[in-house]
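Engineer: my questions concern the predicted model and sequence given below.
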Amino acid sequence: DQQVKQNSPSLSVQEGRISILNCDYTNSMFDYFLWYKKYPAEGPTFLISISSIKDKNEDGRFTVFLNKSAKHLSLHIVPSQPGDSAVYFCAASSGAGSYQLTFGKGTKLSVIP
Amino acid sequence: DAEITQSPRHKITETGRQVTLACHQTWNHNNMFWYRQDLGHGLRLIHYSYGVQDTNKGEVSDGYSVSRSNTEDLPLTLESAASSQTSVYFCASSDGQPTDTQYFGPGTRLTVL
């Protein structure tokens, strides 16, 4: 059973507009969430993270929102740029001392110039 | 600059052969991980290590083994390759805290014929 779900396999957005990528989780023990970005033929790279004690974390054009009651998080990219076109993975970990990440299936973002 | 490398980048082998994928990191990180990425599954954890002589099974460990004889390397061995193990394999490493970022290598594309 998938514990981290990204229900949209793909998303297309016009350059300059907002991109919103969504992620749902089922494991109540998850307390740390991350987004990774992946270009073709490269390894994933860390983008942004959020602890369960927060509901928002911002880094430049990227903001992650966490709604614990709904077990939902989202990544907002504003404004979207063509270089943001990549696959975005949501990941989660649980418990102090746990280094293991559980990943979603990914969402392919295409930013159209 | 510190980095994490994987070799080979591409490998074609036959069913039943033993295959070893190399992972080397120069960050002096304690934690190292192996994932596989398949269409429709995202990244799934195969094995992980929290230090020298420590190895642990992940979600999809059957048919794989690892050994950690030093800090820098975590080779992944497929004892008897199967077509179901055709995949892209990523190695990652992280430092001492559970919330420390995992840094990924560029990946190895393995094809088992």
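Structural biologist: Right, received. Where do you want to start? Numbering: from 1, shown residues only, chains lettered A, B, ... in the order given.

Engineer: get me the contact residues on chain B for chain A.
Structural biologist: B:4, B:31, B:33, B:35, B:40-45, B:48, B:50, B:58, B:90, B:92, B:94, B:98-107 (CB under 8 Å from any CB of the partner chain). C-beta coordinates here come from the backbone N, C-alpha and C atoms, glycine included.

Engineer: residue nearest the centroid of chain B?
Structural biologist: residue B:34 (3.0 Å; CA atoms, centre = their mean).

Engineer: right, and that one touches residue B:47 too?
Structural biologist: Yes. If you go by CB atoms under 8 Å, residue B:34 and residue B:47 touch, sitting 5.1 Å apart.

Engineer: between these two, what contacts are shared?
Structural biologist: Both residue B:34 and residue B:47 are in contact with B:58, B:64, B:66, B:74, B:76, where contact means CB atoms under 8 Å, 6 or more residues apart in numbering or on different chains.

Engineer: can you pick the most crowded of those?
Structural biologist: With neighbours taken as other CB atoms under 10 Å in any protein chain shown, the top of the shared contacts of residue B:34 and residue B:47 is residue B:74, carrying 26 neighbours.

Engineer: just the buried residues of the residues of chain B next to chain A.
Structural biologist: When neighbours are counted using 16 or more other CB atoms under 10 Å in any protein chain shown, the residues of chain B next to chain A contain these buried positions: B:4, B:31, B:33, B:35, B:42-45, B:48, B:50, B:58, B:90, B:92, B:94, B:98, B:101-105, B:107.

Engineer: let's see which of those end up in strands.
Structural biologist: B:4, B:31, B:33, B:35, B:42-45, B:48, B:50, B:90, B:92, B:94, B:103-104 (DSSP state E).

Engineer: from those residues, which one has the minimum pLDDT?
Structural biologist: The lowest pLDDT within those belongs to residue B:42, which sits at 87.

Engineer: can you pull the phi/psi pair for residue A:58?
Structural biologist: Main-chain dihedrals, residue A:58, degrees, to the nearest 10: phi -120, psi 140.

Engineer: contacting residues for it?
Structural biologist: Contacts of residue A:58 (CB under 8 Å, 6+ apart): none.

Engineer: please report how far it lies from chain B.
Structural biologist: Going from residue A:58 to chain B by CB to the nearest CB, to the nearest Å gives 17 Å.

Engineer: if that residue is in a bridge, with which residues?
Structural biologist: Beta bridges link residue A:58 to residue A:63, judged by DSSP bridges.

Engineer: check what pLDDT it gets.
Structural biologist: According to the model, residue A:58 scores 97 on pLDDT.

Engineer: for residue B:108, same thing?
Structural biologist: On the pLDDT scale, residue B:108 gets 97.

Engineer: could you give the number of residues near it?
Structural biologist: Using other CB under 10 Å, residue B:108 is surrounded by 22 other residues.
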